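[1] Starting from these lines, generate the structure:
(2 chains)
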Amino acid sequence: AQSVTQLDSHVSVSEGTPVLLRCNYSSSYSPSLFWYVQHPNKGLQLLLKYTSAATLVKGINGFEAEFKKSETSFHLTKPSAHMSDAAEYFCVVSEDWDDMRFGAGTRLTVKP
Amino acid sequence: DTGVSQNPRHKITKRGQNVTFRCDPISEHNRLYWYRQTLGQGPEFLTYFQNEAQLEKSRLLSDRFSAERPKGSFSTLEIQRTEQGDSAMYLCASSLVGQGYEQYFGPGTRLTVT
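    Numbering: from 1, shown residues only, chains lettered A, B, ... in the order given. Presented below is the predicted three-dimensional model:
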């Protein structure tokens, strides 16, 4: 069965410094992988998705993620954090478009 | 706004009462999903529809829960005889088969059972 582990429940960075949110997945097949962001009182928003094309995926707001099959990882990065990036981030694995498994989430705090 | 909408945004109810939530998906989307999210956790799948047909239900969806999508547009999720353990955020998402499949989420309905 597919599953995803977000390795940090909380990450704190200073504004202007790099962001790294870590995600490992488990899947018997070639999965699709997603990162979603959830701001308070807002719906989940898709940041980016990997669907077996390029392993380096660029998303919105300067985020990107790299699919590494050998490490079963799909870490989310951003070169320079902005205050507006503070939110909850979810890594998602899917073997079937109708069966998406969410991680427990990583809360990103950005300090001024 | 042409996104997914959910009503109400917040619901406080007493244990044992019935509650009903509504989800309006993006208009051209034919798939509609319900998830539940508890504090500190990611969303967990409950059920989904393709048009008006309910195609899958999670084991999480006890027989006190029922969902409908009668005309293939909006959907309702009803919880009967609510329990304190039902307190959670209930999320709705929609997608379009054949167009990327990614799911677009609504803002959720937060249920508090007292």
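
[2] Is chain B within reach of the helix or strand harbouring A:R101?
    Using DSSP states H and E, A:R101 sits in strand A:99-102. Yes - on the criterion CB under 8 Å from any CB of the partner chain, strand A:99-102 is in touch with chain B at A:99-100, A:102. The C-beta positions use only the backbone N, C-alpha and C, and glycine is treated the same way.

[3] what number of residues lie near B:E83?
    By the criterion of other CB atoms under 10 Å in any protein chain shown, B:E83 has 12 neighbours.

[4] Return the residues in contact with residue 4.
    Going with chain A. A:23-26, A:91-93, A:101-103 (CB atoms under 8 Å, 6 or more residues apart in numbering or on different chains).

[5] please go with chain B instead
    Contact partners of B:V4, counting by CB under 8 Å, 6+ apart, are A:43, B:23-26, B:92-94, B:104-106.

[6] Could you name the helices and strands sitting against the lowest-mean-pLDDT helix or strand in chain A?
    The least trusted helix or strand in chain A, going by mean pLDDT, DSSP states H and E, turns out to be strand A:99-102, with a mean of 86. For strand A:99-102, the elements it packs on are strand A:3-6, strand A:87-96, strand B:44-50, judged by 3 or more CB pairs under 8 Å, 6 or more residues apart in numbering or on different chains; DSSP states H and E.
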